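>>> All I have is the shape, not the residue letters:
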C-alpha cells in the first residue's frame, strides 16, 4: 500500500478543510525551504547575505514542479507556503526570545546581527499576537499579511494566491498595516514590568 | 500593547476606514467629521488609522519578515539543520529494513518495514525533524507509545516496540492492511448489518482502552482500519490522554509550529470544542459520529471552516432523518444517546452500547420515531446495565443471571467488639485460610492487636503489640507481622513475644510476607520497596524510585503466591492515588512491568481475577498468572470500599481461600470545589462546577487565583477571577506544576517539562508567550519570590542529594541574572521554601531527621547561623501568616497551626504554637471537616485570615453500624461472564 506523498492530494485536502493535511504539508515545505537555503548559502560562499526573499519562491517552485499542479492548486500552495513561512519564522522567534531571556547563563557577547535578531524576535512575537487577533476579525487581511510580510510575495502573487483582485489586495494591505500598527503602537505604550 | 477593539466596534471602524480610503485624500477630513458626528475619540482613532494605512513603515513592510536580520539567522539555521531523511527501501531503522512508504502521519512519516528476525512486516512511525525540538510533540509521541503499550487487544494495533535510533524515536507497530473507514465511506453508506459489525468491534476496542484508563480522543473514520479479514482496528492513539483541546480559530490551520489544533473538528465533542475536560465520554461521542456516518454516509456535523464545524457541534442537533428508514431503531437510539451534548446525559460506558448493537441484529425492524422501546428481558437488562456486580446477600439475592440457582455467598457484618483504629490503613489482616482476622483496635491514643477467629465471637488481645499498625499474616498463617514503634515486628500467634526485624521509621506503607520467608515493605511515603528476611537480616532496598519519570512512592506490596513476584502501587509526583499505577516486580531479575493504570492497592488471591481500588470502588480484571498481565477489561465489583485517595490506603483484604474482608466507605470523586475556610471553621464554597482543581495559588492582591485543572499528566494552568468567577486558561500543552505569582501579580512562574528536561517558565497571567527562566536536566519547581521580586526561590531535585532549595537572582522584567545559588542544599530533601513578607526569613521543609518532614526557619541571606526547627511531630507547607508568624499543616491530619517567632539576642526562637481554629477549636474543626487543607493544595489569605482549600473528596471512613463486612467464598462467586478472557 505504498503511497508517495502527493503534494496535490494534500493541498486539495487542505483546501477542503481537512485537519491534518496542513500538518503534513508543513514538514514538506520546511524541508524544501531548508534545501533552498542550503543551496543559496553554498552558492553565496557562505559569507554573503542570503537572498531571503527568494526562499519562498524557490521552495514553492520545487514543490509545485513535482506534481503538475492545476492553477488552483498552485494558488493554494502559495498561500500555504506563506503560512508555513510565518510559522517557521514565528517559531524561531519564540525560541530565540526564550533563549535570550532564560538559561541564567551570563550573556555571551553577541555579534551585531544576532543582537538585532533578538530585538527583531521580540517585536515579531508582538506582531504575531496582534496578527492572531486581526485574524479573528478578518481572515483575508491576516492572510494578506502572511503573504506579503512573511513570504515576501508581490501584490500580484498575493492576489493570485488568495483569489483577490489586485485592488482588494492593495487596500487590504493598507488596512492590515493600519490595524497592526494601532495594536503595536497605539495609545500609551505599557511596558511590561 | 493596545488591544484591537472587539468584533462589533471593529466592524464599524473598519467599514469607516474603508469608506475614508475610498475618497480622495482631500475629502477625507470632511468625511470623517460627518461620519463621526461629533464623537471626537472615534474621529481621532480613524485619523490615526488612516495615517498608518498610508504610511510606509520601516518594519511592517512587504517582505519585512524575510528581509530582517532575524530571518537571516532563521534561514541560516534552516540551512544548517540536517536533512529530513525520508528513507528509501533498503534503508534500516534499527534492526528493521524499510520496504516502502505508507505515507505521512500527522507528525511524521510512516514506513512499511520488515522484521528480519520474525519475517513479518510492520509499520514504523517516525517523528518528523520539524517537530524534534518541540516538547509538546515529543510528549505526544511518548504518550502514544505508552498508551499503546498498555493495550493488548485484537481491535487495537499492537505496539511492538519503541525504538530509539541515533536519538530519534520510532514506534514499531502492527501493520494493518486494508482500507480505512473513511475510504470505505467514500463509496457510500454501510448497510445496518455491516455497520453493526464494525461498531461492535470498535466498541470492544474502546472498552479495552477505557478499561485501562486510556481515552483515545481522536476517534474518526480515518483512524479505523477495516482489515481484509473482516477485523476492525482502531489506530492512532497519538492523542490519547493529552491536554484538553483548545477551540479552533480559523480554517483548519495550525496556529504555531508547536501548537497545533488537536483532534479533528467534525468528530470533536462539545466539551472538546470548549476546551473542557475530556474523558471516555468524549470517545463515546466520536463513536456516535462514526455510527451516524456509517449508516447515513454523511457526517453528523459539517461546516466550511473549523469554526463553522465547531459551532455546529455546539449548537445543532444532528439530522437523524438522514439515517435510512430501514435502520433498526436500536441503532438510532444508540446514536442519539452517544450524541447527547451534555456528557452527563450521554451514554456513560461504551460497553453499554453492546446491548443496543445486539438488539439491532436480533430485531432489525423499521426505524420508527415513535416506536416504543422493545421489551427487554430481565437478563438482557442486567447485561446492559452498567457493569457493577454487587455482592449478593444470603437472603433475597437480586437475580443476576438466568441459569440454575447457586449457593449465594454469605455476607457477614463483623462486629469487632472494640473501636478500631481509624487511620488510612486497613485496621485488619486476614489469614490465608480465611478463618482468622487480626484487628487493630484503638487503645487510648495508641493501638493494639486483637485476634479473632471468624467462627467465634470473642477477640483476644495479642500481648506486646502496643502501637501496632498495618498487620499482615505469614503465608502459613502461624504468625503475624506489623509495624510498631518505628520497627517491623513478627509475632507467632500460638504464643511468644514479638521479635523486631528491622528499623523502618514512622511512615510505613504496607507489608507482605512471601512464601520463602522474605518480607517486602513499603518503607515510607517517599521510598521504593525494601525487603527483609523473616528470620532476621538486613533491610535491603528492592526497588528504586524512577525520579526521572516523577515516581514518588512505591507502596502496598503484595508478594504473589509462588514468591517470585511482587505486586505494588506506584505514585507519580503531583497526582493522587486515583492516578496511580499497579506494577509487578520480578524478584529474580528486578524487572518491573505495568499491570494496570489508574489503580492502587492491588490484591491477587493466587487464583481468579486481580483486584484493585480506584476512587473508592473495587475493580476486578481477569489475570493471567503466567504472563502476569490482565486479560480483560476491569469491572467494578464493589461500590464503596473505604479508600483514601491521599495515600492509596484501602480497607480491604482477600484471603487465598477467597474470603473478602472490607470496611465500607463511599466512592470518591476526582473533582472538587474551591472553598474559603475561616478560623471559626465556617466554609464558603466558591460558586462554579466542580473540577479537578489542584495547587490553587492566590494572587498577591487576592483578587485572582491561579490553579491547575486536570489529572496527573495533562493538567493545565488557569486563572480564576474571584470577583466575577471567570476562568481563563493560561497554558496549553505545557502541563505546568506548582504555579506561583510574581509579587506584582502580572506573571506566573511554574515548573514544566521542556523536551527531555525541566524548566522554570514565566508567563503573563493574562496568557501569552512564556519565557524560560532556568533550565535543568533535573526536576525544578518554583516555591516563592522574595517580596521585591528580585529573587526567585525554587527547588531542584538533584541526583544523589534529593530536593534542594536554590535562589535565582532576577533583574527587570524577570530577566535572570547569573547562575542560581544554593539556599538549603543537603543530602536530605529541602523543599517548599517560602520567603517572609519582609524578606528576612525563609520557612521551608526538610526531612533530614528520620525521614520525617518538618518545618524550619532560617535567615536570609543565609549567614550560617543555622536553621531553627519549628515542628516536632511532622509539618508541611509553611506559609507566612505575618512577617513574624508561620502557618503550617501538621501531618498526618493536615491540621493548620501557627507558630509565632521571636528574636532574642540575635537568635530566632519559636514561641508556643497557636491553633488556627479559634473559639472552640474542636467544634470549628469538626464544622470544617470536609474543608480542611489537603495534599492537593491550599493557600493562605493572610490578610483576611482564611484559607483557600479544595473540598475533600467525600470521606470514605464513614463509621457504619456494622463497621466491617466479611464475605465468605466471595472470589468464587464473581460471575465469570463479567470478566471475559479474550
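Sure thing, it's come through. Keep in mind that this is a model prediction, so the values were computed, not measured. Numbers count the residues shown, from 1 in each chain, chains lettered A, B, ... in the order given.
>>> From now on I want contacts and neighbour counts done on CA atoms only, so please keep to that.
Will do.
>>> For chain A, name the helix or strand with the lowest mean pLDDT.
For chain A, using mean pLDDT, DSSP states H and E, the weakest element among its helices and strands is helix A:53-67, scoring a mean of 57.
>>> Briefly note if stretch B:790-800 comes near chain A.
No: taking C-alpha under 8 Å from any C-alpha of the partner chain as the criterion, stretch B:790-800 and chain A are apart, separated by no less than 11.9 Å.
>>> quick one: that stretch to chain centroid distance?
Remark: stretch B:790-800 is offset 25 Å from the chain centroid, using C-alpha atoms, centre = their mean, to the nearest Å.
>>> Buried residues, that stretch. List them.
Of all the residues in stretch B:790-800, those buried under the rule 16 or more other C-alpha atoms under 10 Å in any protein chain shown are B:790, B:791, B:792, B:793, B:794, B:795, B:796, B:797, B:798.
>>> What residues does the stretch 801-950 of chain B have near chain A?
Counting by C-alpha under 8 Å from any C-alpha, the stretch 801-950 of chain B sits next to chain A at B:812, B:813, B:814, B:815, B:816, B:817, B:818, B:819, B:820.
>>> What subset of the residues you listed is buried?
Buried among these by 16+ other C-alpha under 10 Å: B:814, B:815, B:816, B:817, B:820.
>>> measure the second one to residue B:97 for me?
Okay, so that is residue B:815. Note on residue B:815: its distance to residue B:97, by C-alpha to C-alpha, to the nearest Å, is 49 Å.
>>> just the first one next, same as before
Spatial separation of residue B:814 from residue B:97 under the definition C-alpha to C-alpha is 51 Å.
>>> do the same with residue A:141
49 Å.
>>> Residue B:602 against residue B:613, yeah?
Yes: taking C-alpha atoms under 8 Å as the definition, residue B:602 is a contact partner of residue B:613 at 7.0 Å.
>>> more crowded one of those two?
Counted by other C-alpha atoms under 10 Å in any protein chain shown, residue B:602 and residue B:613 do not tie: residue B:613 has more neighbours, with 30 against 26.
>>> Need phi/psi at residue B:896.
phi -80, psi 140 (degrees, to the nearest 10).
>>> now residue B:337, what's its secondary structure?
When classified by DSSP: H, G, I helix; E, B strand; the rest coil, residue B:337 comes out as helix.
>>> how deep is it tucked in, by neighbour count?
Neighbours of residue B:337 (other C-alpha under 10 Å): 19.
>>> Buried residues in stretch B:633-645, which are they?
B:633-645.
>>> got it, and stretch B:550-561?
Neighbour count says stretch B:550-561 has B:551, B:552, B:553, B:554, B:555, B:556, B:557, B:558, B:559, B:560, B:561 buried, by 16+ other C-alpha under 10 Å.
>>> re earlier: adding pLDDT and secondary structure, write the residues of the stretch 801-950 of chain B next to chain A out as CSV.
Converted to CSV, those look like this (pLDDT from 0 to 100; DSSP: H, G, I helix; E, B strand; the rest coil):
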residue, pLDDT, secondary structure
B:812, 85, helix
B:813, 83, helix
B:814, 87, helix
B:815, 89, coil
B:816, 91, strand
B:817, 90, strand
B:818, 89, strand
B:819, 91, strand
B:820, 93, strand
